[in-house]
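Peer 1: sequence unknown, structure follows:
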């Protein structure tokens, strides 16, 4: 029995790429706590952050970046979203658009109308640890798994190393 969502498990299997689904204490699902407790290097852990336009037409995108990086919201994200101002989506907006709780959001199996932008640095890692679609699992996989979806785009300078 899988500890991630059935549709995510099915997607992972269909890619043919190697992956592992790890159990996670929901109290430790936030990236920094997870990495510290489970001994995972921050540079191999990826955050999935939903951003939204604050001005003009409402637009959203899910950004995937390494935990050692900070999202380039004022430049790359703002321009790519086509908005004068952008912000992080609220926990409620994240839940509504992804069906997932913060700390468990995965860039896999999202609605087709939600753009997924992956910082280029993520693709340089041997593996990344992603949210498992819930706060009780994480997924260790080759970053190429992200490209197995139609709505994913690798974006240079989406994030900057901190």
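Peer 2: Received the coordinates, thanks. Computed from a prediction, not measured in an experiment: that's the story for all the values here.
Peer 1: flag the shaky bits of the chain, pLDDT-wise.
Peer 2: Low-confidence segments of the chain (pLDDT under 70): 1-2.
Peer 1: where's the nearest residue to residue 41 once chain neighbours are set aside relative to residue 46, distance?
Peer 2: Spatial nearest neighbour of residue 41, excluding adjacent residues (CB to CB, 6 or more residues apart in numbering): residue 35 at 7.0 Å. (Each C-beta comes from the backbone N, C-alpha and C, glycine too.) Distance, residue 35 to residue 46, using CB to CB, to the nearest Å: 11 Å.
Peer 1: which of those two has more neighbours?
Peer 2: Neighbour count, other CB atoms under 10 Å: between residue 35 and residue 46, residue 46 has more, with 28 against 18.
Peer 1: relative to residue 148, how far out is that one?
Peer 2: 15 Å.
Peer 1: can you check residue 141 too?
Peer 2: Taking CB to CB, one finds residue 141 at 10 Å from residue 148.
Peer 1: identify the contacts common to the two.
Peer 2: When CB atoms under 8 Å, 6 or more residues apart in numbering defines a contact, the residues bordering residue 141 and residue 148 alike are residue 17.
Peer 1: please identify which of these two sits among more neighbours.
Peer 2: residue 141 (21 against 15).
Peer 1: contacting residues for that one?
Peer 2: 12, 17, 18, 19, 20, 127, 128, 130.
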